[in-house]
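>>> need a structure here:
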Amino acid sequence: MMFPFAVATDAVNINWLAFDRITVFFLLCSITFLMLFLTMAIFTTAKILNHYIPSIHFQYSIVTTVILTFIFCIFIPNWSELEEIFRWSSLWNLYVFFTTPLLLLFLGLRTKKKGEKSFD
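I've put the predicted structure just below:
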């Protein structure tokens, strides 16, 4: 099944107007959330890029981020390749999920052991 929600939406045949509006409301909320999420992801990526390369103007870094993302998306040939990209990404997310807290714990214990001034 390629797009399960679209198939489920098409398969349900309810003639009641109230339930039809709920489905439209859900789709509208989902699209709004997706647009806000993408906007925040692009803004955050551009801010990070602008922090490490301050010579680039912020608006140019946003445009560059959007263009590079669009070019990357153009080169995804089919849905199975996208699932493979998500699989690779999930392995990286799992690594970061466990490594980051352990690294922060190690750095905090090392700082406390050396007697350096903490942020308390």
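>>> Ala46: neighbour count?
20 (other C-beta atoms under 10 Å). Every C-beta, even on glycine, is put in place using the N, C-alpha and C of the backbone.
>>> thought it was touching His57?
No - judged on C-beta atoms under 8 Å, Ala46 makes no contact with His57 at a distance of 10.4 Å.
>>> how far away is the residue nearest the centre of the chain from Leu34?
The centroid of the chain falls nearest to Ala41 when counting by C-alpha atoms, centre = their mean (6.2 Å). Per C-beta to C-beta, to the nearest Å, Ala41 is found 10 Å from Leu34.
>>> repeat that for Ile67.
20 Å.
>>> pLDDT below threshold where in this structure?
Scanning the chain with the threshold set as pLDDT under 70 gives 1-21, 116-120.
>>> switch to 80 and redo it
Low-confidence segments of the chain (pLDDT under 80): 1-24, 115-120.
>>> which parts of the helix or strand hosting Phe26 are buried?
Per DSSP states H and E: Phe26 is located in helix 17-52. Under the neighbour-count criterion of 16 or more other C-beta atoms under 10 Å, helix 17-52 has 42, 45-46, 49-50 buried.
>>> alright, calling it a day.
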